[in-house]
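Trainee: Sharing a model prediction with you, sequence too.
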Amino acid sequence: MELTLEAYRIIVNYAESRSDIAVLCRVSKTLRRVAERALYNTIYLQHPEEILALCSTLDASPRLASLVDAWTIAPTRLSDADYSDEGDSEEDYDQELPEGFWETVAKALQNTTKLRFLNVHSQSASTSASASILRNTTFSLRRFHCDFDWDDDLVGFLNRQTELVDLYILDFKPYLDPGSTTSTTSAPTTFYSTSTNLHATAMSQLTTLECTFAEAADAIVPHRPITHLKTCFSKMEIAAKREEMIRLFSTISSSSQPIRSLDIADSSYNEPFAMELLRKVVDTKVTSSNLRYLGTLVLPIKGQERLRFYGLLMKLKMLQCLEVEVSEWVPPPSTTAAFRALASELRLYCPTITSVVFVLDFERTLVTITNGVCTVNHDAGTDLLWREL
């Protein structure tokens with residue numbers, strides 16, 4: 001007796017592993033179709049041999065490749081992955097990627113015509129990837145995270161993306177036109193270390209951008225509906241960092257939507273500069289009108305400075321989550337009672353705040369506030385908070 005598709009889906013959902021789903025593919029034709037969709041819809045692989053085996057399958061079967069909706073490609077050496085096979089020899093831990101590895105991945109990607117979510121993390125592999133593996137692809141992504149070099153292939157790929165809403169890039173290599181004049185009140189004309197420029201019409205739906213270089217924001221944010229931005233100051237000297245801040249906020253102001261989440265990291269946090277940054281956030285319309293998440297700011301130690309800090313925060317009427325650096329405090333607020341006390345104090349001035357992230361020597365502690373009660377979550381993940389608000 002033939003079961004309904006819903007019954008087959010329930011059966012597949014009860015499978016405990018991908019190998020169990022693979023077994024179900026051999027039971028019947030109908031069950032095979034349902035099981036294959038579950039098996040190939042979302043793929044996350046780290047072991048190079050497993051990635052190669054999958055890519056060979058996808059290259060040989062466009063039908064199966066068309067079932068892939070989300071794919072994370074993160075080849076890593078065995079020493080970096082969570083393998084517990086005691087048979088692994090010492091030589092296995094330093095193995096190189098097989099010859100032609102990325103070429104094989106490129107062929108498989110050409111067949112994944114319905115791919116919507118792609119993550120490529122290759123920096124931990126013996127041979128990192130480049131955006132050349134995307135040259136002949138036809139899919140239109142909604143989320144794309146990669147650690148590729150910024151080059152013609154990457155820019156060309158981004159120019160083809162019309163549905164992208166979430167982008168993470170690790171690399172960016174701009175240079176200024178020697179004949180142009182720069183100003184601290186507007187973004188300078190920026191040219192790139194590529195022969196292909198990013199089109200103004202590319203990624204017209206992009207709302208979330210994470211980039212390790214503020215210069216990348218200069219190239220990508222203008223005239224796009226960016227609402228969530230995470231980036232980093234690259235300058236060390238205060239005067240240069242101030243110019244970088246002014247340029248960045250000029251860029252942010254050209255977003256076609258108000259900023260909901262702004263996370264700007266720094267290589268060295270400084271209390272006076274943090275106050276300047278907060279004033280800039282408050283004085284910039286696109287960052288003050290609808291901001292829900294803000295980080296990372298140095299929480300002033302002295303009472304009067306902290307009151308001025310709170311006074312500026314009070315102008316951010318929609319703020320829900322704040323990330324503050326407290327590593328310079330002596331003694332540091334490292335106890336549950338201390339975190340609760342500081343969160344409660346902050347809430348007195350900013351009643352819209354529902355969570356505070358305290359950064360102490362690179363360790364993050366989340367304090368959530370519900371009905372006026374502060375709860376310290378030492379082990380809670382905070383990396384995605386800026387994306388969720």
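Mentor: Yep, it's here.

Trainee: host element of Phe339?
Mentor: Assigned by DSSP states H and E, Phe339 falls within helix 336-349.

Trainee: and for that helix, what are the contacting residues?
Mentor: 299, 310-311, 313-314, 322, 326, 333, 353, 356, 358, 365, 367, 369, 372, 374, 376 (CB atoms under 8 Å, 6 or more residues apart in numbering). (Glycine included, C-beta is placed from N, CA and C.)

Trainee: Output the longest strand belonging to the chain.
Mentor: Secondary structure of the chain read by DSSP state E shows that its longest strand is strand 363-370.

Trainee: Which positions in that strand come out as buried?
Mentor: 364-367, 369 (16 or more other CB atoms under 10 Å).

Trainee: what element comes up after it heading to the C-terminus?
Mentor: Downstream of strand 363-370, the next assigned helix or strand under DSSP H and E is strand 373-377.

Trainee: Who is Val120 paired with across the strands?
Mentor: Counting by DSSP bridges, Val120 forms beta bridges with Ile73, Cys146.

Trainee: got the contact list for it?
Mentor: Val120 touches 72-74, 129, 133, 145-148, counting by CB under 8 Å, 6+ apart.

Trainee: Any chance of those residues in TSV with distance to Arg387 and neighbour count as columns?
Mentor: Below are those laid out as TSV (distance: CB to CB, whole Å; neighbours: other CB atoms under 10 Å):
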residue	distance to Arg387	neighbour count
Thr72	17	15
Ile73	21	24
Ala74	19	19
Ala129	24	23
Ile133	26	24
His145	12	17
Cys146	17	23
Asp147	18	18
Phe148	21	21
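
Trainee: could these go into JSON lines alongside distance to Arg247?
Mentor: Output for the contacts of Val120, formatted as JSON lines (distance: CB to CB, whole Å):
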{"residue": "Thr72", "distance to Arg247": "34"}
{"residue": "Ile73", "distance to Arg247": "34"}
{"residue": "Ala74", "distance to Arg247": "34"}
{"residue": "Ala129", "distance to Arg247": "31"}
{"residue": "Ile133", "distance to Arg247": "33"}
{"residue": "His145", "distance to Arg247": "25"}
{"residue": "Cys146", "distance to Arg247": "25"}
{"residue": "Asp147", "distance to Arg247": "25"}
{"residue": "Phe148", "distance to Arg247": "25"}
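
Trainee: Could you list the alpha-carbon positions for stretch 264-279 in PDB?
Mentor: Extracted C-alpha coordinates of stretch 264-279, given in PDB (Å, rounded to 0.1, in the frame of the first residue of the first chain):
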ATOM      1  CA  ILE A 264      31.900  48.400  15.400                       C
ATOM      2  CA  ALA A 265      34.900  46.500  16.900                       C
ATOM      3  CA  ASP A 266      38.300  48.100  17.700                       C
ATOM      4  CA  SER A 267      41.800  46.800  18.100                       C
ATOM      5  CA  SER A 268      42.300  49.000  21.200                       C
ATOM      6  CA  TYR A 269      39.300  50.400  23.100                       C
ATOM      7  CA  ASN A 270      39.600  53.900  24.500                       C
ATOM      8  CA  GLU A 271      37.100  55.600  26.800                       C
ATOM      9  CA  PRO A 272      37.400  59.200  25.300                       C
ATOM     10  CA  PHE A 273      37.100  57.800  21.700                       C
ATOM     11  CA  ALA A 274      34.100  55.600  22.800                       C
ATOM     12  CA  MET A 275      32.300  58.800  23.900                       C
ATOM     13  CA  GLU A 276      33.100  60.400  20.600                       C
ATOM     14  CA  LEU A 277      31.700  57.400  18.800                       C
ATOM     15  CA  LEU A 278      28.500  57.400  20.900                       C
ATOM     16  CA  ARG A 279      28.000  61.100  20.200                       C
END
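
Trainee: List the contacts of it.
Mentor: Counting by CB under 8 Å, 6+ apart, 214, 230-234, 236, 238, 241-242, 245, 248, 295-298, 300-301, 305, 308-309, 312-313, 325, 327-328 sit against stretch 264-279.

Trainee: cool, stretch 212-226 as well?
Mentor: With CB under 8 Å, 6+ apart as the test, stretch 212-226 has contacts from 150, 167, 169-172, 174, 187, 190, 192, 198, 200, 203-209, 211, 229, 231-234, 244, 247-248, 251-252, 254-257, 259, 264.
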